[in-house]
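**Q** Quick one, structure for this:
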Amino acid sequence: MEVLIQIARKEEFDLPMNFAAKIAAKSKQNLRKAIMALEACKAHNYPFSDDQPIPFGWEEKYTFLIELHLQQKLVEQFLKGVEANSRRELYYWHAYYDKRLPTGTTALLKLEDYKFAWFNQVQARD
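**A** Take a look at the predicted model:
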């Protein structure tokens with residue numbers, strides 16, 4: 001509750017003690033969840049009301065979308081540094097590993113694996 005109240009004070013909005021207590025209890029004292037819930041509540045309905053719902057469960061989806069966006073940006077940046085004639089082979093290795101890695105393996109790990117395989121193929125040719 002203290003952290004939520006400090007955030008509200010720094011962000012210059014009113015946070016009733018009973019609403020801060022409700023967020024803290026519903027977040028099960030998980031500070032990250034409590035801060036995200038406070039942010040969501042403020043964006044959804046401010047000033048706060050006693051019967052206002054406190055959303056939870058959406059943060060996993062939000063985190064997944066951020067990670068996906070970050071991974072796409074990393075791939076784009078990586079491909080900018082690859083010569084155009086080598087990209088086809090790189091896409092081949094991506095498809096190769098995409099089908100063979102276990103479900104749930106992150107795209108970043110896949111990128112590292114096929115980047116490594118591609119590098120080894122280039123070294124073998126030289």
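
**Q** Residue ranges of each domain in this structure, please.
**A** Taking automatic domain parsing as the domain assignment, the ranges for the chain are 2-56, 59-125.

**Q** so where do the helices sit in the protein?
**A** 2-11, 17-26, 31-44, 58-80, 84-100, 107-125 (DSSP state H).

**Q** between these, which gets nearest to Asp50?
**A** The stretch from the helices of the chain with the least distance to Asp50 (CB to CB) is helix 17-26; that distance is 7.0 Å. To be clear about C-beta, it is placed using only N, CA and C from the backbone, and glycine gets the same treatment.

**Q** orientation of that closest one relative to helix 2-11 in degrees?
**A** Computed by axes from the mean of the first three to the mean of the last three CA atoms, to 10 degrees, the angle separating helix 17-26 from helix 2-11 equals 130 degrees.

**Q** Could I get the contacting residues of Lys42?
**A** Lys42 sits next to Phe13, Phe48 when contact means CB atoms under 8 Å, 6 or more residues apart in numbering.

**Q** so what pLDDT did the spatially closest residue to Lys22 that is not a sequence neighbour get?
**A** Beyond its immediate neighbours in the sequence, the residue positioned closest to Lys22 (CB to CB, 6 or more residues apart in numbering) is Ile54, lying 6.5 Å away. Predicted confidence (pLDDT) for Ile54: 85.

**Q** ok, Ile54 to Arg88 distance?
**A** Computed as CB to CB, to the nearest Å, the Ile54 to Arg88 distance reads 50 Å.

**Q** Same drill for those two, tell me which one is more crowded.
**A** For Ile54 versus Arg88, the count of surrounding residues by other CB atoms under 10 Å is larger for Ile54: 18 against 8.

**Q** tell me which helix or strand of this structure sits lowest on mean pLDDT?
**A** Scoring the helices and strands of the chain by mean pLDDT, DSSP states H and E places helix 107-125 at the bottom, with a mean of 61.

**Q** count of residues packed around Leu79?
**A** By other CB under 10 Å, 14 other residues sit near Leu79.

**Q** show me what contacts it?
**A** Residues in contact with Leu79, defined by CB under 8 Å, 6+ apart, are Arg87, Leu90.
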